[in-house]
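Q: only geometry, no sequence info:
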DNA sequence: CAAAATATGTCAACATGGCTGACATAAATG
DNA sequence: CATTTATGTCAGCCATGTTGACATATTTTG
């Protein structure tokens, strides 16, 4: 995707690759030297990570927003609209637009809650599940390839790194979400 | 950021957490079982990773697009507009809008190329550098905190994982970009 | 040199997916 | 019964992506 080939006029002076923390006092500015490598790698890795699904989705007239909805509904069948809003962190109006399209086109369906009939519990249809799995498959292929290159320990270390990058407050909830979804989803065959 | 607390009606049946690769034949569908954990952790980690800068930027009337421009110009002073377009992978019209604002507001400046006078080489102003470093500082704080939790080896393993997640074609170019920028940028004090 | 290619900018129109504010409805809850 | 809750919806705004067409200056090439 695109040739990256910058011709910046580097002051060829080189040398100071190791610049271990500035000598400044304690204030609110940046304390340590920026972790440019991780910052940029994360940018490019994420760009490619979502790039594969994006292509497929755009052929269906969908965008990344649809992907997120489909993903989480597939992973958490029967979830409430409010739950989805919390996860995606968008307004109900934004969600509504996207959700309506996916319902209309038969990827997602809504069932009235049994206990609380105000709720519209969300489920993917078989068609929706197929798409969700296709997209997840593309991302998994990338992940699997990466881990294969690095050795099996890479999975665990990636998992831990990514977890540690999440806001401490949310971390627990995210892990619970993942664990619960693992249990709940796909009562297959 | 938001309470995540899904009340999906999991078929409490649990058990099959280890579902090692589907038994299907060889087709074009998803081969291995989706790596749900990494997929979702990456989603949440990236969300928080860009969240801190987003807050600061929005107070300045800027968005994520401005951040990307500022970041790469700061890291690659003197880069050509075309280079930036290649990295960001957007159209010149999209870039133009954002770039114009940053130039007008004194974060970025453009100089005519010395050899090729058609080029408008991009530089951050001191004001631009300050903002770039502030944003990078926030992201670095998160990264540093994460790595501190995991031990020093985490930096290298994160770097390798993220690199492996990048499209193989681009990987070399990205690494070169990072390495060159490390050399070129900030001829400080 | 004249013609073509290149680097950049710009105008206009459009799509997506965020946002706010206001309001509607149905159901649960005190 | 009054209130709160869960959800939906209308209307409009903003940011940031897109395409297509075209302009301008400069370099490169036949």
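A: Happy to help now that I have it. These numbers come from a predicted model, not from an experiment.
Q: Please count neighbours and contacts with C-alpha atoms only from this point.
A: Fine.
Q: Residue A:127: neighbouring residues, count only.
A: By other Cα atoms under 10 Å in any protein chain shown, 12 other residues sit near residue A:127.
Q: for residue A:92, same thing?
A: Neighbour tally, residue A:92, other Cα under 10 Å: 15.
Q: Contact partners for the closest residue to it other than its chain neighbours?
A: With sequence-adjacent residues excluded and distances taken as Cα to Cα, 6 or more residues apart in numbering or on different chains, residue A:92 is closest to residue A:85, at 6.6 Å. By Cα atoms under 8 Å, 6 or more residues apart in numbering or on different chains, residue A:85 lies in contact with A:91-92, A:95.
Q: Surely residue A:99 touches residue A:69?
A: Yes. Counting by Cα atoms under 8 Å, residue A:69 is a contact partner of residue A:99 at 7.3 Å.
Q: all helices of chain A, in order?
A: A:36-59, A:64-75, A:81-88, A:92-104, A:126-150, A:153-165, A:168-184 (DSSP state H).
Q: So which of the contacts of residue A:85 is the closest to residue B:64?
A: Nearest to residue B:64 among the contacts of residue A:85, counting by Cα to Cα, is residue A:91 at 18.9 Å.
Q: Do you know the pLDDT at that closest one?
A: Residue A:91 is assigned 97 on the pLDDT scale.
Q: Got the phi and psi for it?
A: Taking degrees, to the nearest 10, you get phi -80, psi 160 for the backbone angles of residue A:91.
Q: Any stretches of chain A with poor pLDDT?
A: Low-confidence segments of chain A, defined by pLDDT under 70: A:1-31, A:184-189.
Q: at 50 instead, please
A: A:1-2, A:9-27, A:29-30, A:188-189 (pLDDT under 50).
Q: quick check: domain ranges of it?
A: A:50-150, A:151-182 (automatic domain parsing).
Q: Show me what counts as buried in the last one.
A: To tie it back to what came earlier, the one meant is domain A:151-182. A:154-155, A:157-167, A:170-171, A:174, A:177-178, A:180-182 (16 or more other Cα atoms under 10 Å in any protein chain shown).
Q: near chain B too, which of the residues you listed?
A: A:154, A:157-167, A:170, A:174, A:177-178, A:180-182 (Cα under 8 Å from any Cα of the partner chain).
Q: So for residue B:119, which of the domains of chain A sits nearest?
A: Ranking these by distance to residue B:119, with Cα to Cα as the measure, places domain A:50-150 first at 30.0 Å.
Q: Quick check: end-to-end length of that closest one?
A: End-to-end distance for domain A:50-150: 21 Å, by Cα to Cα, to the nearest Å.
Q: again, but for stretch A:112-124
A: Span of stretch A:112-124 from end to end, Cα to Cα: 14 Å.
Q: Ok, stretch A:56-63 next?
A: Span of stretch A:56-63 from end to end, Cα to Cα: 9 Å.
Q: So is that stretch next to DNA strand C?
A: Yes. Counting by Cα under 7 Å from any atom of the strand, DNA strand C is contacted by stretch A:56-63 at A:61-63.
Q: what comes up buried for that stretch?
A: A:56-57, A:62-63.
Q: For the closest residue to residue A:103 other than its chain neighbours, which residues are in contact?
A: Leaving aside its sequence neighbours, residue A:103 sits nearest to residue A:109 (Cα to Cα, 6+ apart; 5.5 Å). Neighbouring residues of residue A:109 by Cα under 8 Å, 6+ apart: A:103, A:122-125.
Q: can you check residue A:69 too?
A: Residue A:69 touches A:84, A:99, counting by Cα under 8 Å, 6+ apart.
Q: Okay, it and residue B:59: tell me how far apart.
A: Counting by Cα to Cα - residue A:69 and residue B:59 are separated by 29 Å.
Q: What about residue A:32, how many residues nearby?
A: Residue A:32 has 16 nearby residues by other Cα under 10 Å.
Q: before we move on, back to that, can you redo the contacts of residue A:109 as CSV with distance to DNA strand D and neighbour count?
A: Output for the contacts of residue A:109, formatted as CSV (distance: Cα to the nearest atom of the strand, whole Å; neighbours: other Cα atoms under 10 Å in any protein chain shown):
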residue, distance to DNA strand D, neighbour count
A:103, 10, 17
A:122, 8, 27
A:123, 12, 25
A:124, 14, 27
A:125, 16, 16
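Q: gap between the residue in chain A positioned nearest to DNA strand C and residue A:57?
A: Residue nearest to DNA strand C within chain A: residue A:63 (2.8 Å; Cα to the nearest atom of the strand). According to Cα to Cα, residue A:63 and residue A:57 sit 6 Å apart.
Q: likewise residue A:171?
A: From residue A:171 to residue A:57 the distance is 29 Å (Cα to Cα).
Q: circling back to that earlier point, among the contacts of residue A:85, find me the one that's closest to chain B.
A: Of all the contacts of residue A:85, residue A:91 has the smallest distance to chain B: 11.9 Å, by Cα to the nearest Cα.
Q: separation between the closest one and residue A:171?
A: 22 Å.
Q: and if you look at residue A:127?
A: For residue A:127 relative to residue A:171 (Cα to Cα), the value is 32 Å.
Q: Relative to residue A:137, which of the contacts of residue A:109 is nearest.
A: For the contacts of residue A:109, the nearest to residue A:137 is residue A:124 (16.7 Å; Cα to Cα).
Q: Could you pull up the residues touching the residue nearest to that closest one when sequence neighbours are not counted?
A: Leaving aside its sequence neighbours, residue A:124 sits nearest to residue A:108 (Cα to Cα, 6+ apart; 4.3 Å). Each residue near residue A:108 by Cα under 8 Å, 6+ apart is listed here: A:70, A:73, A:99, A:102, A:122-125, A:128.
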